[in-house]
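J.: Provided below are the primary sequence and the corresponding predicted coordinates.
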Amino acid sequence: MRGTLRIYLGAAPGVGKTYAMLGEGQRRVERGTDLVVGYVDCHGRPRTQEMLDGLEMVPVKTMTYRGATFPEMDTDAVIARAPRVAIVDELAHTNVPGSKNEKRWQDIEDLLDAGIDVISTVNIQHLESLNDVVEQITGIPQRETVPDEVVRRADQVELVDMAPEALRRRMAHGNVYPPEKVGAALGNYFRVGNLTALRELAMLWLADKVDDQLDRYRADHHITGTWEARERVVVGLTGGPEGETLIRRAARIADRSKGADLFAIHITPSDGLAGANPAHLARQRALVESLGGTFHHVVGDNVPGALLDFARGVNATQLVLGASRRGRVAQVLSRGVGVEVTALSGSIDVHMVTHEATKQGRAQQLSALTRRRRAAGFGLAVAGMPLLSIALANLRGHLSLPSDILIFLIGVVGVALVGGLWPALVAALLGSALLNYYFTPPLYTFTIAEAQNVLALLAYVVIAVAVSAVVDLAARRTREAARASANATVLANLSGSVLRGEKALPAILERLRETYALTSVTLLERPPEIPLTPARQQEPARWRVADTVGGEPCTSPDEGDMVVAVDDDLSLVLCGATLPAADRQVLEAFAAQAAVALRQQRLADEADRVRPLAEADRMRTALLAAVSHDLRTPLASATAAVESLRSPDVVWSDQDRGELFDTAATSLQRLDRLVTNLLDMSRLQAGALGIATAPTALDEVIPLALDALGAGAVELQIPDEVPDVLADPALLERVLVNLIANALRHTPPGRSVLVAASAHGDTVELRVVDRGPGIPHDKRELVFQPFQRLGDTDNGSGVGLGLALSQGLTEAMGGTLVPDETPSGGVTMIITLPTARTTPHPHHLSDPA
């Protein structure tokens, strides 16, 4: 049986997750539970260390990486020990390369699969879905993350909460970090605003987790009633003009309760024919989403039942509906959706909201037939029934009354097929009178002698009316289906053009122009600085062209043949044809989508304008972090050495004085390299770095780079026939210094770095090969990001600019720099530069002694 997972969730380091986890471990041991500690990092905190007393610890295994050793949990040893419960700290931890799994949460999955219960910890900033949010709040990217689903699957998640002020006091007292780190931490990551935001994130995430658990519990126990754990407001939309009023009313109801959810739902019949206005629905969807709600489209023939099923499914507490637009007769014949929902809502509060559309009534239903066909139907009824009577009168001796009734019934059906319901009703009543007068004994009177003939005529009228209604309904449905199919085809073509990669707004306008054979389609907008004045709203100066396709664009709405108003400030103007009213819904759908596309285009343009500023801000944040952390070490070392030499209280020997001078010189040289890299990266990004390319011999540049690096095991393989490259010698030297230094840092002791060159047509490849642990394939591009060390634990080795600067300098010289995998393990950095197309110089490079 799979084990259970319990997680202690915290908003920030130091809130007491590990302490709470170990306290739970102590309680379980006291109850006799077989418990072991798989891995715990106490971070040098004495009180946390004391909580380990009395707990059995499985020995950790030691992993070597880049010349350093790191402790990791021995997952196999824990599984072999087979305890009932295992304590494993830091769920989001990334294991040292070479471990069985890349992440610790994968180790915990192995323990759970082995039937071992696990207790673990995680901070909110390590959840994958919140990674970018946390970076925006704190300015610090989190590289160790865990998928949200791993934490959501946990059987228990317990929040370890602490007020920001209390956490800062803990830090000030030295209970979290060493004293020398407290000041920097309190002034950066652990500011009150950051901690408050992280605390809110943790609480909101856990609230969603609790909601999921509540939904599962209600589903498992078949609970259909509403539990008012949180306000959830559902607004029902018909697609009519009253929708925006209902949405705003529902939003106000939701805003009265902090954290309430807003849902909007539109129900479409399963036949898809009695549809709503798509333009209204598009605008209402945008309004709902702008208010923080969600829009849902549900198919169902029983509207009240579908509404209540959805409301109960989301555990809604309030339901907002519009007052009925139906007439009084219709309300007498059926209760209507609002009354039905109110009667069946149970514990859900139903709000019936009045609106202007109530007074206007429901719009007239789309006529199934044209006026010409209805006129033809009336003409056929008035003229056809008498003509049919004359024809049947000549056959009076050969046909009985039932036969005459059936023939008249066929005539009524024919009229219904031609003119619809009302002409057929006229034909049925006229036929009934003619049958009575000419064919029912006694003839030529409206008196009926036999009761069975009365019954026959009544049956004839009823059947004629029923058949006429069915035929008219079938014609209406046929026309609606054809119209819906045509509209669906038009909208499918529209969506297809957008999905194929065409720009959304021009694609929408062009598809509209092509579909209806228009000469031009123009989207006009009113500039925000121009107020709305009804008397002058048609003037060209009051409008500007947002986008247009086709011929000469219209500059005001009155220049077009047809205008579709999206809102007060946006209109779609069509030129070249006047379209029938039946196409109005599709036109409004086009207009609504064009408005959405325009807004998205504006947002995308604004994002493009803001992106460089955001990138510059991100660079500044990273630069400040680098300056505050990485530059402090060499500066502090140099300052300490100089202050020691200046101290009058100590007499230094010549050897000590020399060591202090060396320390100061080394620190200042490192500081100089870091500042130079920062300045060069800044110039490179600003396009202000001067580059002078010239034919450059590798035998002149590589020795200079090696001299700058000093000692180091470097093997050279530079054939004599390699031609000169076209490069800036000083910049190429800088690139080589950075790449070789990086390779030396990652190559294990006792192994050398290889620098090799080879010619390939018009280019030369220069390879710097290290023998280190290598880079995962999916993270190779990350190595060229500024301030990125990709797992380096030596924070004093630089600010993470070497490779980013090297790539920028190489590309500025017209070359490329890409990483590749070293066959025997490690990374190969490949510089590709164009040849200088000159006679090669003789090379005299050999391995350094």
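T.: Cool, got the structure. Numbering: from 1, shown residues only.
J.: Point out where the stretch 651-800 of the chain drops to low pLDDT.
T.: Scanning the stretch 651-800 of the chain for pLDDT under 70 picks out 673-674, 677-678, 680-690, 710-712, 776-800.
J.: Tell me where it has helices.
T.: 654-686, 698-709, 729-746 (DSSP state H, counting those that start in this stretch).
J.: cool, and the stretch 501-650 of the chain?
T.: Here the stretch 501-650 of the chain has its helices, by DSSP H, counting those that start in this stretch, at 504-515, 584-629, 632-646.
J.: Nearest to residue 121 among those helices would be which one?
T.: Nearest to residue 121 among the helices of the stretch 501-650 of the chain is helix 584-629; the distance by C-beta to C-beta comes to 25.6 Å. C-beta: built from backbone N, CA, C; applies to glycine.
J.: Which pLDDT value goes with residue 256?
T.: With respect to pLDDT, residue 256 scores 79.
J.: OK, contacts around it?
T.: Shown in contact with residue 256 (C-beta atoms under 8 Å, 6 or more residues apart in numbering): residue 231.
J.: Could you verify my assumption that residue 342 touches residue 352?
T.: Yes: the pair residue 342 / residue 352 is scored as a contact, 7.4 Å apart, by C-beta atoms under 8 Å.
J.: measure the residue nearest the centre of the chain to residue 148 for me?
T.: Residue closest to the average C-alpha location in the chain (C-alpha atoms, centre = their mean): residue 129, at 10.3 Å. Relative to residue 148, residue 129 is positioned 5 Å away (C-beta to C-beta, to the nearest Å).
J.: One more: residue 635?
T.: From residue 635 over to residue 148 the distance is 41 Å, taken as C-beta to C-beta.
J.: got it, and residue 720?
T.: Counting by C-beta to C-beta, the separation of residue 720 from residue 148 is 59 Å.
J.: who has more neighbours, the two?
T.: Remark: of residue 720 and residue 148, residue 148 carries more neighbours, 15 against 11, as counted by other C-beta atoms under 10 Å.
J.: ok, then the element right after the helix or strand of the chain with the lowest mean pLDDT?
T.: Here the helix or strand of the chain ranked lowest by mean pLDDT, DSSP states H and E is helix 357-360, holding a mean of 52. Where DSSP states H and E defines the elements, the next helix or strand beyond helix 357-360 is helix 371-393.
J.: Now that next one: buried residues?
T.: The neighbour-count check on helix 371-393 (16 or more other C-beta atoms under 10 Å) flags 373, 374, 376, 377, 378, 380, 381, 384, 385, 388, 389, 392 as buried.
J.: Give the other helices and strands that that helix contacts.
T.: Applying 3 or more C-beta pairs under 8 Å, 6 or more residues apart in numbering; DSSP states H and E, one finds that helix 371-393 contacts helix 401-419, helix 421-434.
J.: what's the closest of those to residue 96?
T.: helix 421-434 (81.4 Å).
J.: angle of that closest one against helix 371-393?
T.: Comparing the axes of helix 421-434 and helix 371-393 via axes from the mean of the first three to the mean of the last three C-alpha atoms, to 10 degrees yields an angle of 20 degrees.
J.: Work out the gap between helix 421-434 and the centre of the chain.
T.: On the basis of C-alpha atoms, centre = their mean, to the nearest Å, helix 421-434 sits 62 Å off its chain's mean C-alpha point.
J.: Identify each buried residue in that helix, please.
T.: Buried residues in helix 421-434 (16+ other C-beta under 10 Å): 421-432, 434.
J.: Residues touching it, excluding its own?
T.: Residues from elsewhere that reach helix 421-434 (C-beta under 8 Å, 6+ apart): 374, 377-378, 380-382, 384-386, 388-389, 408-409, 411-413, 415-416, 446, 457, 460-461, 464-465, 467-469, 471-472.
J.: Beta-bridge partners for the nearest residue to residue 717 once chain neighbours are set aside, please?
T.: Nearest residue to residue 717, sequence neighbours excluded (C-beta to C-beta, 6 or more residues apart in numbering): residue 756, at 4.0 Å. On the basis of DSSP bridges, residue 756 is bridged to residue 717, residue 767.
J.: Touching, residue 756 and residue 764? I think so.
T.: No: taking contacts as C-beta under 8 Å, residue 756 lies outside contact range of residue 764: 11.0 Å.
J.: Distance of residue 833 relative to residue 761?
T.: 12 Å.
J.: ignore the last one, residue 667
T.: Note on residue 667: its distance to residue 761, by C-beta to C-beta, is 46 Å.
J.: Among these two, which residue is more densely surrounded?
T.: Set residue 667 next to residue 761 and count neighbours by other C-beta under 10 Å: residue 667 wins out with 20 against 7.
J.: From residue 708, how far off is the more buried one?
T.: From residue 667 across to residue 708, the span is 17 Å (C-beta to C-beta).
J.: Ok, residue 450 next?
T.: Taking C-beta to C-beta, one finds residue 450 at 125 Å from residue 708.
J.: and the two? which has more neighbours close in?
T.: When residue 450 and residue 708 are compared for neighbours, residue 708 comes out ahead with 14 against 11, by other C-beta under 10 Å.
J.: you'd agree the more buried one is up against residue 737?
T.: Yes: shown here, residue 708 and residue 737 form a contact pair, counting by C-beta under 8 Å, at 5.2 Å.
J.: Double-check that residue 818 belongs to a helix.
T.: No: applying DSSP: H, G, I helix; E, B strand; the rest coil, one finds residue 818 to be strand, outside a helix.
J.: what's the burial count for it?
T.: Residue 818: 14 surrounding residues under other C-beta under 10 Å.
J.: so who does the closest residue to it other than its chain neighbours touch?
T.: Excluding the flanking residues, the one nearest residue 818 by C-beta to C-beta, 6+ apart is residue 830, at 5.4 Å. Counting by C-beta under 8 Å, 6+ apart, residue 830 makes contact with 765, 766, 767, 816, 817, 818, 819, 820.
J.: Just the buried residues of those.
T.: Buried among these (16+ other C-beta under 10 Å): 765, 766, 767, 817, 819.
J.: which of the residues you listed lies closest to residue 612?
T.: The nearest one, if we look at these relative to residue 612 and count by C-beta to C-beta, is residue 817, at 23.4 Å.
J.: Which pLDDT does the model give the closest one?
T.: pLDDT, read off for residue 817, is 90.
J.: coming back round to it: tabulate the buried residues of helix 421-434 (TSV), appending pLDDT and distance to residue 66.
T.: Formatted as TSV, the buried residues of helix 421-434 follow (pLDDT from 0 to 100; distance: C-beta to C-beta, whole Å):
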residue	pLDDT	distance to residue 66
421	79	86
422	84	90
423	87	92
424	84	91
425	85	93
426	87	96
427	87	96
428	84	96
429	85	99
430	88	101
431	85	100
432	83	102
434	87	106
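J.: Closest one of those to residue 806?
T.: If you rank the buried residues of helix 421-434 by distance to residue 806 using C-beta to C-beta, residue 421 comes first, at 82.0 Å.
J.: if I look at the closest residue to the closest one other than its chain neighbours, how far off is residue 460?
T.: Once flanking residues are discounted, residue 421 sits nearest to residue 472: 3.8 Å by C-beta to C-beta, 6+ apart. Separation of residue 472 from residue 460 (C-beta to C-beta): 18 Å.
J.: Residue 43: neighbouring residues, count only.
T.: Residues near residue 43, counting by other C-beta under 10 Å: 14.
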